[in-house]
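K.L.:
everything below, folded, please.
(one chain, ligands or ions: 1)
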Amino acid sequence: MAQRDTKREILISSVIIILAFMILSLPTPAAAQEKPQDKPYLDIVGRLSALGLQDEGAYEILRKLTSVGPRLTGSPGAAAGVELMRQVMQDLGFDNVHIEPVTVNRWVRGGTEKARIIGSTIVGNIPLMICALGGSIGTPELGVTAPMVEVRSFQELRALGEGVRNRIVFFNRPMDRKLIQTFGAYGSAADQRVRGASEAAKLGALAVLVRSLTLRIDDFPHTGLLEYDPAAPKIPAAAVSTAGAEFLSALLRKEPDVRVQLELSCKNLAPVPSANVVGEIRGSERPDEIILVGGHLDSWDLAVGAHDDGAGCANAVEALRLIKTAGLKPRRTIRAVMFMDEEFGGTGGRFYAMDERRKGEKHLAAIELDSGGFLPIAVGGGKPEVFEKLKKWEYVFKPLGITMMRPGGGGVDVAPLAAQGTALLGISPDSQRYFDVHHSGLDILESVHPRELELGAISLAIYAYILAQEGI
Ligand SMILES: [Zn+2]
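P.N.:
Take a look at the predicted model:
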């Protein structure tokens, strides 16, 4: 009796479980409206992301690239990076792997780079953490020693007039912390680094110190390019760490005549030959129509440029590797280009657009990744009219956690292609940590997360493949 009851109970619970299963398996109203043929690329999204996340191939490529050390434009490290990436793409079996010559400017930091507060009645002699700005001339051998003058804008500088003469100008406007997008915050302060030296020189300054462009307060100086105005005398320029800038500013309030000594041995040398590196998966139907993916191969010299822009290069190569390994045969050519010399003026991008090889090629779209190897959060669909055509692909990015497709995209290296009618698209990673490391000694391999980096490569592979299949 007891046994029969148990059997009955088991039977009833089995029926309930089967019924529950059937109910759960019924299509929901929303799913019932969506047919698989409405989302033809979801299967490929699943395959490419599984493959990428399993292999973490982008990180392995980045590990190899950063193993050559910093890749400052025109340096032996940059030349080693060119050869390495050519070899990596050759070994992966890409088509048409080659280098394209570029002539680049060469600047060297030299062995001496120091600044110190001297003769302060409050703190005595204290060193400051600095680095020369890219392109800066050096100081005389004994350095420049002068009282400082702190300003936060060019307007403030000009208002000082003769008060600037024979001083070292200290530009100390911080990046705007209130902005959500850190690229906007960078833009709010970068004019001091780019044009500060010439603006100060016009008023008779001897040198400039510029607050590093980062939101962190630490002792790592951040370099970056300056531009000398041909109409102004050239004076030496260096970035000071944010902690140093805060210290100096506080000291100047108490001791306005305090002096700083700056010694730099950096210099500009004659231009040298270098190269862009190219590899591709040739299109099966329209090989002369090209979807370009890329980044810049050169870096600053204070670290290996893992985020800027080793990540962009690694993701471009990994995107092609994923497509090839998955056995996909794109109708149009998907090409990876690693540009030389983004940081010193973008000559690689200009040479690429002008190269003889471009005749007979049509670049439909270009996606340059140059915002760090962080988690991708948005996809750029180009100009508003192009975006209107591309936004139907938003669904492919949702499984990757990218819920935002918006107009926008581009980059220094692909900008010259716009004249040919190329759509400049983009993939934007989370920007909150980028300027912690950007152009500083902190831009090392360990600052990149393998899965975040790989999701960038997967997003790029999917975007490039759909564009190669569907066009714009
Ligand atoms: Zn960059």
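K.L.:
phi and psi next, for Gln192.
P.N.:
Dihedral angles of Gln192 (phi, psi; degrees, to the nearest 10) stand at phi -60, psi -40.
K.L.:
how close does the nearest residue to it once chain neighbours are set aside get to Ala189?
P.N.:
Of all residues not flanking Gln192 in the chain, Phe171 sits nearest, at 3.8 Å (Cβ to Cβ, 6 or more residues apart in numbering). (C-beta placed from N, C-alpha, C; glycine too.) Look at Phe171 and Ala189: by Cβ to Cβ, to the nearest Å, they are 9 Å apart.
K.L.:
okay, these two: which has more neighbours?
P.N.:
Between Phe171 and Ala189, counting by other Cβ atoms under 10 Å, Phe171 is the more crowded of the two (28 against 20).
K.L.:
ok, that one - contacts?
P.N.:
Going by Cβ atoms under 8 Å, 6 or more residues apart in numbering, Phe171 touches Val151, Arg152, Gln192, Arg193, Gly196, Val208, Leu209, Val210, Arg211.
K.L.:
work out for me the element the residue lying closest to Lys362 once chain neighbours are set aside sits within.
P.N.:
Closest residue to Lys362 apart from its sequence neighbours, by Cβ to Cβ, 6+ apart: Glu289 at 5.1 Å. Assigned by DSSP states H and E, Glu289 belongs to strand 286-296.
K.L.:
quick one: strands adjacent to that strand?
P.N.:
strand 332-339 (parallel), strand 362-368 (parallel) (DSSP bridges).
K.L.:
restricting to C-alpha, output the next helix or strand after the shortest one in CSV.
P.N.:
Just to be clear, that refers to strand 362-368. With elements assigned by DSSP H and E, the helix or strand that comes after strand 362-368 is strand 376-380. Extracted in CSV, the C-alpha atoms of strand 376-380 (Å, rounded to 0.1, in the frame of the first residue of the first chain):
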residue,chain,number,x,y,z
PRO,A,376,33.9,47.6,-26.0
ILE,A,377,30.7,49.4,-25.1
ALA,A,378,29.6,51.1,-28.3
VAL,A,379,29.8,50.8,-32.1
GLY,A,380,30.2,53.8,-34.3
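K.L.:
quick one: list the elements packing against the helix or strand following strand 376-380.
P.N.:
Downstream of strand 376-380, the first helix or strand assigned by DSSP H and E is helix 384-390. Counting contacts by 3 or more Cβ pairs under 8 Å, 6 or more residues apart in numbering; DSSP states H and E, helix 384-390 is packed against strand 404-406, strand 423-429.
K.L.:
tell me the most buried of the ones you listed?
P.N.:
strand 423-429 (a mean of 24; mean count of other Cβ atoms under 10 Å).
K.L.:
what residues does this protein put near the ion?
P.N.:
Asp308, Asp309, Asp370 (Cβ under 5 Å from the ion).
K.L.:
can you tell me what sits against the helix or strand hosting Arg193?
P.N.:
Arg193 belongs to helix 190-201 when assigned by DSSP H and E. The contact list for helix 190-201 (Cβ under 8 Å, 6+ apart) reads 133, 136, 154, 157-158, 164, 169, 171, 173, 208, 210-211, 213, 224-229, 231-237, 239.
K.L.:
swap in 6 Å and give it another go.
P.N.:
With contact meaning Cβ atoms under 6 Å, 6 or more residues apart in numbering, helix 190-201 is reached by 154, 169, 171, 208, 210, 224, 226-229, 232-233, 235, 237.
K.L.:
now, which of those residues sits nearest the ion?
P.N.:
Nearest to the ion among these is Gly224, at 9.9 Å by Cβ to the ion.
K.L.:
ok, that closest one touching Asp443?
P.N.:
No - Gly224 is beyond contact range of Asp443, at 11.9 Å (criterion: Cβ atoms under 6 Å).
K.L.:
the more surrounded of those two?
P.N.:
For Gly224 versus Asp443, neighbours defined as other Cβ under 10 Å are more numerous around Asp443 (29 against 21).
K.L.:
let me see the contact set for Val260.
P.N.:
Ala115, Ile117, Met148, Ile168.
K.L.:
and for the third one, the neighbour number?
P.N.:
The reference is to Met148. Neighbour tally, Met148, other Cβ under 10 Å: 21.
K.L.:
try the first one
P.N.:
Residues lying near Ala115 (other Cβ under 10 Å) number 27.
K.L.:
wasn't it part of a strand?
P.N.:
Yes - the assignment for Ala115 by DSSP: H, G, I helix; E, B strand; the rest coil puts it in a strand.
K.L.:
do you know how far it is from the ion?
P.N.:
Distance, Ala115 to the ion, by Cβ to the ion, to the nearest Å: 26 Å.
K.L.:
that residue reaches Leu262, doesn't it?
P.N.:
Yes - contact criterion Cβ under 6 Å: Ala115 and Leu262 qualify, at 4.8 Å.
K.L.:
tell me where the stretch 1-150 of the chain has helices.
P.N.:
For the stretch 1-150 of the chain, applying DSSP state H, counting those that start in this stretch gives helices covering 2-25, 29-33, 42-55, 57-66, 76-91.
K.L.:
before we move on, back to that, now the residues of the chain next to the ion as CSV including distance to Glu394 and pLDDT?
P.N.:
Output for the residues of the chain next to the ion, formatted as CSV (distance: Cβ to Cβ, whole Å; pLDDT from 0 to 100):
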residue, distance to Glu394, pLDDT
Asp308, 28, 98
Asp309, 26, 98
Asp370, 23, 98
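K.L.:
highest neighbour count among these?
P.N.:
Asp309 (31 neighbours).
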